[in-house]
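Undergrad: Give the three-dimensional model of this entry:
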Amino acid sequence: MLKFQYSNVHEVPRIEKVVVDTSMRSANFKLKLAPSLILALTLISGQKATPTLAKKGNAKLGIRKGAVTGAKVTLRNDKMFQFIDFLVTLVLPRVKNFEGIQGKSLNSQGNLTVQIKDPFTFPQLEAATNLFNHVGAINVTIVTSTSNKDESKCLLRGLSIPIK
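TA: A predicted model of the protein is given here:
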């Protein structure tokens with residue numbers, strides 16, 4: 001509050017939600033693989049995932065309109081902060097050659113998106129690799145109420161998220 005000269009407590013930026021999403025790794029989007037994709041995100045986040053559907057069909061990729069192509073979870077309140085803590089303390093240190101999150105991962109509105117390419121860095125998925133081998137990269141988006149990158153960096157560093 002002192003750094004950015006806020007006159008009111010309600011002006012201080014906050015984290016609104018965390019969205020965790022993934023898609024299938026292989027090009028052939030099979031309906032029978034969708035439950036394990038949803039289960040993977042449910043295990044990671046602690047909240048039931050919802051499937052994401054294809055808006056348009058693509059003949060080259062073999063995707064039909066309305067087919068399940070991935071899954072997503074939106075976390076708010078206590079589960080959101082538990083997930084951020086879990087991400088910072090357990091998952092990010094397990095990523096190979098991790099030196100911090102790049103500053104370009106912040107968009108112009110101050111939202112941070114991190115992509116974890118290997119889903120098996122999450123300890124929940126490590127035990128059953130054959131069940132979750134078609135799960136693609138996992139994207140974690142932290143949505144903030146800030147209006148620019150500087151305020152967002154300050155907020156995220158305060159939550160011990162390693163941003164360069």
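Undergrad: which secondary structure element contains residue 37?
TA: Applying DSSP states H and E as the criterion places residue 37 in helix 34-45.
Undergrad: Setting the sequence-adjacent residues aside, check what's closest to residue 33.
TA: Spatial nearest neighbour of residue 33, chain neighbours left out: residue 134 (5.4 Å); criterion: C-beta to C-beta, 6 or more residues apart in numbering. From N, CA and C alone the C-beta is placed, and that goes for glycine too.
Undergrad: Let me see the confidence value for the one you found.
TA: On pLDDT, residue 134 comes in at 78.
Undergrad: State the number of residues packed around it.
TA: 17 (other C-beta atoms under 10 Å).
Undergrad: hang on, it packs against residue 37?
TA: Yes. Counting by C-beta atoms under 8 Å, residue 134 sits close enough to residue 37 to count as a contact (7.4 Å).
Undergrad: which of the residues in stretch 9-29 are buried?
TA: 13, 15, 18, 19, 20, 21, 22, 23, 24, 29 (16 or more other C-beta atoms under 10 Å).
Undergrad: Can I get those residues in a markdown table including secondary structure and pLDDT?
TA: Converted to a markdown table, the buried residues of stretch 9-29 look like this (DSSP: H, G, I helix; E, B strand; the rest coil; pLDDT from 0 to 100):
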| residue | secondary structure | pLDDT |
| --- | --- | --- |
| 13 | coil | 82 |
| 15 | strand | 89 |
| 18 | strand | 93 |
| 19 | strand | 94 |
| 20 | strand | 93 |
| 21 | strand | 91 |
| 22 | strand | 87 |
| 23 | strand | 81 |
| 24 | strand | 76 |
| 29 | coil | 59 |
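Undergrad: For residue 101, see how far away the residue nearest the centre of the chain is.
TA: Closest residue to the average C-alpha location of the chain: residue 140 at 1.3 Å, with C-alpha atoms, centre = their mean. Separation of residue 140 from residue 101 (C-beta to C-beta, to the nearest Å) stands at 10 Å.
Undergrad: And residue 12, by the same measure?
TA: Residue 12 is 22 Å from residue 101, by C-beta to C-beta.
Undergrad: so residue 124 is in which element?
TA: Residue-wise, residue 124 maps onto helix 123-126 under DSSP H and E.
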